[in-house]
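S.K.: only geometry, no sequence info:
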């Protein structure tokens, strides 16, 4: 075996690294995944990975929005440092629980994966993590909103297409998958 | 074997249909492929198809721009119906020759493909053909121009992301692949 052959076979054994951005459902809340991120994940497995499980590695990123009014649904007085620590722990547990769903699916199918949480604005977090981990491409789900709805809810996917430093593929929900309020996910 | 099992195995044997839009080089002209469409094609093979050649089918679409001043480089008087017929035949031969490059590569690797030519504005042609053949996703190359350059040359890829009725992935040329004039391809 020549050096060139070694290099080529090593390159071939490097899996294609696909980053998939996932988030929680706006309807059911944690630990449920949003309809669009579940769809993006399933589309990636069905249409890209297919039976070639050793050829791909999924990088599952959950950008967790900082909860400004994090105590809204906590039925307690939130005055002590403990309250804040509990909230942080709860957020972390929620995020991990969300990622668990995706990681479990990857294990069932036999495709390698990594999963992690980053806090902050999803658009900034995703673009930052793309720069840091350099995936081959990024898959982002989208609610597929019309222009009128977009004005009010913004679109993470469009921002990523413009600013992420890797190829981006947006997977829209189908009409049947969309809830009554299309801003819900 | 139950009916469900049959259906699932049939679905699995359906390849993922990837449309790749290809065009001629602005520098070398026909039959040479543009840098960006060659890159998009090679990226698809390397990062998506990989060794799973039976899992994919490439749909190679060449949108051929209608040559308004088609006789620019023909050193003849162009007054007869024959002149126009010859031009049409030359265009067709050019387009087929361009597609041959991609089809040959697919055959070498052993991945199924279809290739065809449609005349007209590339953005309209691509979106129309997506509606007609319904690929699983579309790969489009891009010169990766800055905002200032875009104003003058337009970007087919951005139009497709917005208007094509399937997921779209844009593959940009790398800096090393770009010619001195970034509008060249």
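M.R.: Received, thanks. Computed from a predicted structure; not experimentally measured.

S.K.: element containing the residue lying closest to residue A:44 once chain neighbours are set aside, please.
M.R.: Spatially, and ignoring its direct neighbours in sequence, residue A:44 is nearest to residue A:139 (5.2 Å; CB to CB, 6 or more residues apart in numbering or on different chains). C-beta coordinates here come from the backbone N, C-alpha and C atoms, glycine included. Mapping residue A:139 onto the secondary structure by DSSP states H and E places it in strand A:137-142.

S.K.: and residue A:185, by the same measure?
M.R.: Counting by DSSP H and E, residue A:185 is held by no secondary-structure element, helix or strand.

S.K.: for the nearest residue to it once chain neighbours are set aside, give me phi and psi.
M.R.: What sits nearest to residue A:185 in space, not counting adjacent residues and going by CB to CB, 6+ apart, is residue A:34, at 4.2 Å. For residue A:34, the backbone dihedrals are phi -60, psi 150 (criterion: degrees, to the nearest 10).

S.K.: distance check, the residue in chain A positioned nearest to chain B against residue A:137.
M.R.: Per CB to the nearest CB, residue A:52 is where chain A lies closest to chain B, at 4.0 Å. If you measure residue A:52 against residue A:137 using CB to CB, to the nearest Å, the figure is 15 Å.

S.K.: looking at the two, which has the bigger crowd around it?
M.R.: When residue A:52 and residue A:137 are compared for neighbours, residue A:137 comes out ahead with 23 against 18, by other CB atoms under 10 Å in any protein chain shown.

S.K.: ok, and the closest non-adjacent residue to the more buried one?
M.R.: Nearest in space to residue A:137, with sequence neighbours left out and distances taken as CB to CB, 6+ apart, is residue A:167 at 4.2 Å.

S.K.: the top helix by length along chain A near chain B at all?
M.R.: Among all segments of chain A classified by DSSP state H, the helix with the greatest residue count is helix A:81-109. No: where contact is defined by CB under 8 Å from any CB of the partner chain, no part of helix A:81-109 touches chain B; the two come within 12.7 Å at best.

S.K.: quick check: next helix or strand after that helix?
M.R.: Following helix A:81-109 in sequence order, the next helix or strand is strand A:112-119 (DSSP H and E).

S.K.: I'd assumed residue A:138 was in contact with the residue nearest to residue A:137.
M.R.: Yes: applying CB atoms under 8 Å, one finds residue A:167 in contact with residue A:138, separated by 7.2 Å.

S.K.: which of the two has more residues huddled nearby?
M.R.: In this comparison of residue A:167 against residue A:138, neighbours counted by other CB under 10 Å, the higher total goes to residue A:138 at 27 against 21.

S.K.: list the beta-bridge partners for that one.
M.R.: residue A:19, residue A:168 (DSSP bridges).

S.K.: likewise for residue A:33?
M.R.: residue A:24.

S.K.: next one: residue A:115
M.R.: Here residue A:115 sits in beta bridges with residue A:60, as judged by DSSP bridges.

S.K.: still on that earlier bit, what is the rounded mean pLDDT of the strand holding residue A:139?
M.R.: Strand A:137-142 shows a mean pLDDT of 96.

S.K.: now for that strand, which elements pack on it?
M.R.: If contacts are counted by 3 or more CB pairs under 8 Å, 6 or more residues apart in numbering or on different chains; DSSP states H and E, strand A:137-142 sits against strand A:16-22, helix A:35-43, helix A:122-133, helix A:156-163, strand A:168-172.

S.K.: residues from chain A in reach of chain B?
M.R.: By the rule CB under 8 Å from any CB, the part of chain A lying against chain B is A:12, A:16, A:43, A:47-48, A:50-52, A:55, A:136-137, A:161, A:167-172.

S.K.: next one: the residue lying closest to residue A:45 once chain neighbours are set aside relative to residue A:53, how far apart?
M.R.: Closest residue in space to residue A:45, ignoring its immediate chain neighbours: residue A:109 at 6.4 Å, by CB to CB, 6+ apart. Spatial separation of residue A:109 from residue A:53 under the definition CB to CB is 6 Å.

S.K.: if we can go back for a sec, lowest average confidence across the helices and strands packed on strand A:137-142, which one?
M.R.: Per-segment mean pLDDT for the helices and strands packed on strand A:137-142 reaches its minimum on helix A:156-163, at a mean of 88.

S.K.: buried residues of that one, list them for me.
M.R.: Residues of helix A:156-163 classed as buried by neighbour count (16 or more other CB atoms under 10 Å in any protein chain shown): A:156, A:157, A:158, A:159, A:160, A:161.

S.K.: using TSV, lay out the residues you listed together with distance to residue A:180.
M.R.: What follows is the buried residues of helix A:156-163, written out as TSV (distance: CB to CB, whole Å):
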residue	distance to residue A:180
A:156	22
A:157	21
A:158	23
A:159	26
A:160	27
A:161	27
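
S.K.: what's the neighbour count on residue A:179?
M.R.: For residue A:179, the neighbour count with other CB under 10 Å is 14.

S.K.: just want the phi and psi numbers for it.
M.R.: Backbone dihedrals for residue A:179, given as degrees, to the nearest 10, come out at phi -70, psi 170.
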